[in-house]
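Enquirer: Sequence first, predicted model second:
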Amino acid sequence: MTELITERSIEFIRRQAEREESFFLYAAYNAPHYPMHAPKEYMDRFAYLPWDRQVMNAMIAAVDDGVGAIVKELKRTGSYENTIIFFSSDNGPSPES
């Protein structure tokens, strides 16, 4: 889901840039949160950690990469200098299994 949110956000930024219109983008990542899973490429980055820490770090890395991709697209389209970015988190899931 994290990657899909990023992809759709980038598509939206591109469409708005073509129209040269101001826009509001709300990218509501649900990671890190239940269900506790992440793509293999992210899990592999943290394979040295116990599973609970591995998956948490993988989900956070996926969000970090997603936000980075959005910022990169804002810069590519020339929108970055005229953009305010707010980032907030609910601190992730509770520790229950």
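Expert: Sure thing, it's come through.
Enquirer: and stretch 74-87, which residues are buried?
Expert: 74, 77, 79 (16 or more other C-beta atoms under 10 Å). Any C-beta I mention is one placed from the backbone N, CA and C, and that applies to glycine too.
Enquirer: Give me the subset of those residues lying in strands.
Expert: Taking DSSP state E, every one of those sits outside strands.
Enquirer: Can you tell me which of those lies closest to D64?
Expert: D64 has its nearest neighbour among the buried residues of stretch 74-87 in L74, at 15.8 Å by C-beta to C-beta.
Enquirer: mind listing the strands for this structure?
Expert: Under the criterion DSSP E, the chain contains no strands.
Enquirer: any low-confidence regions in it?
Expert: For the chain, residues meeting the criterion pLDDT under 70 lie at 91-97.
Enquirer: Swap in 90 and give it another go.
Expert: 20-22, 30-37, 87-97 (pLDDT under 90).
Enquirer: Longest helix in it, please.
Expert: The longest helix of the chain (DSSP state H) is helix 51-76.
Enquirer: which secondary structure elements does that helix contact?
Expert: Counting by 3 or more C-beta pairs under 8 Å, 6 or more residues apart in numbering; DSSP states H and E, the packing neighbours recorded for helix 51-76 are helix 2-19, helix 40-45.
Enquirer: which stretch among the ones you listed comes nearest G68?
Expert: helix 2-19 (9.2 Å).
Enquirer: How far off centre is the closest one?
Expert: Distance of helix 2-19 from the chain centroid (C-alpha atoms, centre = their mean, to the nearest Å) equals 12 Å.
Enquirer: Cool, thanks, talk later.
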